[in-house]
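**Student:** structure for the following, please:
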Amino acid sequence: MNPSVTIIVPCFNEELTVQHLLHALHEQHTPLEEFEVVIADGMSTDSTRARIDSFAASHPSLRVQLVDNPERTIPAALNRALAAAQGETIIRLDAHSVPSPDYIARVLDVLESTGAANVGGVWEIRPSHNTWIGRAIAAAAAHPLGAGDARYRIGGAAGPVDTVPFGAFRKEWIERVGPFDESLHSNEDYELNVRLRRSGGKVWFDPSIRSVYFARGDWISLARQYARYGFWKARMLARDPRSLRWRQVLPPLFVAMLLVLIPAAVAWPPVRPKLAAMLGTYWLTIALAGALAAVRRRDSGLVIGLPISLAVMHLAWGGAFLWGLIPRSRS
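**Tutor:** As a prediction, this is how the structure comes out:
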């Protein structure tokens, strides 16, 4: 019997987390015969593939298929997994996520009750390393100063949104609007949701759909992640200006002001108080956020860790966004 649901998972060098995902899928309330898992691996160089094969061999009741993704990009991986999918309902997950036991059941209920084209829920963001830096990064990723009004990170009421993480949709919508855009190496889920909404579909957030997402474990990895997000958001904006949201404007605006005011302050002393006031206000805001988070979570490391993590996110995203706006030659 063909499964009615296919879980698609892009993957590359996820030896530390992929078995957590597979175990969570094996423990779903939904009967195992009703779904399959298709993992598109970007030719991992660690033990990821061996761990997937080992889990599949020891848990034969969970159907797991491993397909190659030589392009090593997320949208290419998703499209390779879609091509192999047998289910009519597609649920996208990541190899560093852990869905709640009722995840599939809740997704199917929400798709049915709302008639939405794509549904998703809340990320419970946890540190990938239980260090003060790891905890600070996880806290920053779920803080309004780091996530803006993105309900999937900060929570909120069920309803229509512009995008959701780990979307779930009927395969017929892909046949209608087309697959993931492989020219975008990031931001591919947002771009798909733009096309879904413009084709008359709803993108729906429901907080009862829950999964754990493991944040990056150090500031260098965090900077790389947010630089990738910012750059590819800018590349998407070049083709679709209407997709920009206010929360995405503030980091590049802040970086642009720094790029103007710092050289100006060096050359022209009257600018220095303005620069000092801007930096002082910014640091006071994120420092206050760190202090409040430290008290609320009873974690003193957040006093310094949260402001630094927020600054890394803002500067990496904003700087890469501005870099992405620079026209490139097509040759």
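
**Student:** going forward, measure contacts between C-alpha atoms and count neighbours the same way
**Tutor:** Will do.

**Student:** okay, now the sheet partners of the strand ranked longest in the chain, with direction.
**Tutor:** Longest strand in the chain by number of residues (criterion: DSSP state E): strand 203-215. Sheet pairing for strand 203-215, assigned by DSSP bridges, gives strand 97-99 (antiparallel), strand 118-127 (parallel), strand 159-160 (antiparallel).

**Student:** would you put the C-alpha positions of the longest one in CSV?
**Tutor:** Coordinates of the C-alpha atoms in strand 118-127 are reproduced here as CSV (Å, rounded to 0.1, in the frame of the first residue of the first chain):
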residue,chain,number,x,y,z
ASN,A,118,0.5,25.2,3.3
VAL,A,119,0.5,24.8,7.1
GLY,A,120,3.1,25.0,9.8
GLY,A,121,3.5,25.6,13.5
VAL,A,122,5.8,26.7,16.3
TRP,A,123,9.5,26.1,16.6
GLU,A,124,10.6,25.3,20.1
ILE,A,125,14.2,26.6,19.7
ARG,A,126,16.7,24.8,21.8
PRO,A,127,20.5,25.1,22.0
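
**Student:** and it, how far out from the chain middle?
**Tutor:** Centre-to-centre, strand 118-127 and its host chain are 9 Å apart (Cα atoms, centre = their mean, to the nearest Å).

**Student:** other SSEs contacting the lowest-mean-pLDDT helix or strand in the chain?
**Tutor:** The weakest-scoring helix or strand in the chain, judged by mean pLDDT, DSSP states H and E, is helix 151-154 (a mean of 75). Applying 3 or more Cα pairs under 8 Å, 6 or more residues apart in numbering; DSSP states H and E, we find helix 151-154 packed against strand 118-127, helix 144-147, strand 203-215.

**Student:** please identify the most buried of these.
**Tutor:** strand 118-127 (a mean of 25; mean count of other Cα atoms under 10 Å).

**Student:** following that one, which helix or strand shows up next?
**Tutor:** Moving toward the C-terminus from strand 118-127, the next helix or strand (DSSP states H and E) is helix 132-141.

**Student:** what helices and strands are in contact with that next one?
**Tutor:** strand 118-127, helix 144-147, strand 203-215, helix 219-239, helix 302-324.

**Student:** before we move on, the earlier item: could you check the angle helix 132-141 makes with the longest strand of the chain?
**Tutor:** 170 degrees (axes from the mean of the first three to the mean of the last three Cα atoms, to 10 degrees).

**Student:** quick one, strand 203-215 and helix 219-239 angle?
**Tutor:** Using the same axes, to 10 degrees: strand 203-215 against helix 219-239 is 150 degrees.

**Student:** centre of the chain versus strand 203-215, how much separation?
**Tutor:** Worked out by Cα atoms, centre = their mean, strand 203-215 lies 11 Å from the chain centre.

**Student:** what's the answer for stretch 122-134, then?
**Tutor:** 14 Å.

**Student:** what's the average pLDDT for it?
**Tutor:** Across stretch 122-134, the average pLDDT comes to 91.

**Student:** ditto for stretch 227-246
**Tutor:** For stretch 227-246, the mean confidence score works out to 81.
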